[in-house]
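**Q** What follows is a predicted structure for the sequence shown.
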Amino acid sequence: EEDDDDEETCEGGDEDRNLLTSVAGMVLHSGKKTDNTKSTEQDSSIALVGSIASSVIGAISPSLSGHGNPNAGNVAAPNPNVNVAELYKVKDDEPPLPPPTVTGTRRAVVIGINYIGHTSGQLKGCINDATNVENFLTTHGFQPQMIRKLTDDNPNAAPNKTNILAAMQWLVQGAAPGDSLFFHYSGHGGQEKDPLMLEEDGMNETIIPCDYQQSGQINDDTIHKVLVSSLPAGVRLTAIFDSCHSGTIMDLPYIYHATDEEYKNAHKAENSGFMHRHKIGFSSLKTFTVGGIGATLASVAGSEILYQGKKKGRQEILKQLNTSKAMVMQISGCRDEQTSADTNAFSGTSTGAMSYAFMHTMNQSTNQSWQSLIRNMRDVLHHGPKQFTQMPQLCMGRLVSPDLPVVF
């Protein structure tokens with residue numbers, strides 16, 4: 001997290017396919033304006049650009065659902081027309097989902113780190129977040145003795161690296177079908193180089209224990225291995241990460257894509273668009289001849305096809321390696337390239353902005369679907385007393401309908 005005075009401004013990215021179609025359309029339009037002596041060159045270039053556009057658009061189209069794209073439409077409340085029982089049905093070759101209600105044990109780990117005693121990077125709201133979440137859970141089915149809280153104002157339960165990993169292991173140990181597990185982290189997040197090059201941006205996401213200067217950070221590979229990989233089918237794990245760079249903090253293979261106009265690009269980085277990626281500007285294209293534009297786009301399209309191929313390949317590897325048997329649902333404070341704010345803008349008391357949005361939404365009504373929860377949380381942050389730019393994300397360990405009710 002960061003203090004909200006230092007919050008970054010990062011907004012949704014462009015739709016690749018629409019931009020590419022616009023570029024191709026502009027080339028065709030400019031071709032009609034050139035003089036007749038260049039008609040052969042025009043026809044050849046136009047045909048080339050049209051072919052390139054079709055090829056690249058075709059290559060891009062699957063990538064729009066490359067994360068599973070589990071769309072069901074965004075509304076502020078669960079869709080009353082949904083048959084929930086049908087949503088719990090799976091194919092014969094798929095592991096079963098958890099039962100519609102919790103029939104087993106509830107366990108939770110709650111972590112809040114203000115970095116007390118550190119000379120820099122101290123936060124104000126993370127311990128408050130942990131306390132608020134703990135209080136909420138104890139009034140919603142979780143027994144106090146089944147909640148482990150780590151905060152750095154308690155030397156007997158300090159959120160150091162060893163204790164965080166031990167708490168994660170305790171949470172999932174012996175998990176059985178019907179169990180509901182809950183994990184909440186509020187604190188700093190970071191990034192480090194990904195040696196396996198499976199991350200699209202080349203960086204692993206991390207959470208930062210209170211003793212990170214001595215013990216190091218905990219990266220997304222470790223988090224997935226400890227929290228997700230061992231869980232059997234029929235278990236629920238709900239994980240909330242209120243930290244910077246937390247979009248893919250669990251390395252889950254499916255990222256929710258909203259369909260409503262306001263948040264349709266919420267999952268996309270600001271610099272992820274076709275034009276930005278290849279540093280193309282309409283003004284520069286206007287100065288080119290038709291042949292020059294065709295040659296430029298031919299080169300760009302080759303790079304784009306390679307990029308999309310690598311992206312699709314990474315996504316398929318992630319699906320093969322990290323798809324979970326359990327129903328794992330992760331809500332993060334922001335996209336990977338963004339920061340999450342520590343703020344007092346809502347009530348005068350310091351909290352994490354995303355943790356506040358989560359608690360506010362659930363306190364308003366626990367009758368939420370996953371897509372209504374993430375929509376309402378985004379609305380709290382983007383239409384509240386302060387318009388935050390961080391964009392909470394919803395990720396899934398396996399492909400399920402976002403119309404499923406939120407149950408933990």
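**A** Okay, I see it.

**Q** Residue 374 falls within a helix, correct?
**A** Yes - checked against DSSP: H, G, I helix; E, B strand; the rest coil, residue 374 lies within a helix.

**Q** Surely it touches residue 260?
**A** No - in this structure, residue 374 is not within contact of residue 260 by C-beta atoms under 8 Å, at 11.3 Å. Where C-beta positions appear, they are placed from N, C-alpha and C, glycine not excepted.

**Q** and those two? which has more neighbours close in?
**A** residue 374 (27 against 13; other C-beta atoms under 10 Å).

**Q** which residues does the more buried one contact?
**A** By C-beta atoms under 8 Å, 6 or more residues apart in numbering, the contact set of residue 374 is 256, 258, 331, 392, 393, 394, 402.

**Q** Show me the residues you listed that map onto strands.
**A** Among these, the members falling in strands (DSSP state E) are 331, 393, 394.

**Q** List the contacts of the first one.
**A** Counting by C-beta under 8 Å, 6+ apart, residue 331 makes contact with 238-241, 354, 358, 373-374, 377, 392-395.

**Q** Save the ones in strands among the contacts of residue 374 as JSON lines, and put in distance to residue 246 and pLDDT too.
**A** JSON lines is the format used below for the ones in strands among the contacts of residue 374 (distance: C-beta to C-beta, whole Å; pLDDT from 0 to 100):
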{"residue": "331", "distance to residue 246": "9", "pLDDT": "98"}
{"residue": "393", "distance to residue 246": "8", "pLDDT": "98"}
{"residue": "394", "distance to residue 246": "12", "pLDDT": "98"}
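
**Q** closest to residue 320 among the contacts of residue 331?
**A** Of all the contacts of residue 331, residue 320 sits closest to residue 395, with 16.7 Å by C-beta to C-beta.

**Q** wait, what's in contact with that closest one?
**A** In this structure, residue 395 makes contact with 247, 248, 250, 252, 254, 255, 256, 329, 330, 331, 332, judged by C-beta under 8 Å, 6+ apart.

**Q** most surrounded residue in these?
**A** residue 332 (31 neighbours).

**Q** How about it, nearest residue that isn't a chain neighbour?
**A** Of all residues not flanking residue 332 in the chain, residue 246 sits nearest, at 3.8 Å (C-beta to C-beta, 6 or more residues apart in numbering).

**Q** all helices for the stretch 51-200 of the chain, in order.
**A** For the stretch 51-200 of the chain, applying DSSP state H, counting those that start in this stretch gives helices covering 84-87, 126-138, 161-172.

**Q** how many neighbours does the closest residue to residue 401 other than its chain neighbours have?
**A** Distance criterion C-beta to C-beta, 6+ apart; nearest residue to residue 401, sequence neighbours excluded, is residue 87 at 4.7 Å. Residue 87: 18 surrounding residues under other C-beta under 10 Å.

**Q** Just to check, residue 87 is in contact with residue 404?
**A** Yes - counting by C-beta under 8 Å, residue 404 is a contact partner of residue 87 at 5.2 Å.

**Q** which of the ones in strands among the contacts of residue 374 lies closest to residue 318?
**A** Using C-beta to C-beta, residue 393 is the member of these that lies nearest residue 318, at 15.2 Å.

**Q** for that closest one, what are its contacts?
**A** 246-248, 255-256, 266-267, 330-332, 334-335, 374.

**Q** re earlier: distance of the residue nearest to residue 332 from residue 193?
**A** Distance, residue 246 to residue 193, by C-beta to C-beta, to the nearest Å: 18 Å.

**Q** Could you check which of these two has the larger neighbour count?
**A** Using other C-beta under 10 Å, the more surrounded residue of residue 246 and residue 193 is residue 246, with 33 against 10.

**Q** What pLDDT does the model give the more buried one?
**A** Looking at residue 246, its pLDDT reads 97.

**Q** Residue 222 now?
**A** pLDDT, residue 222: 98.
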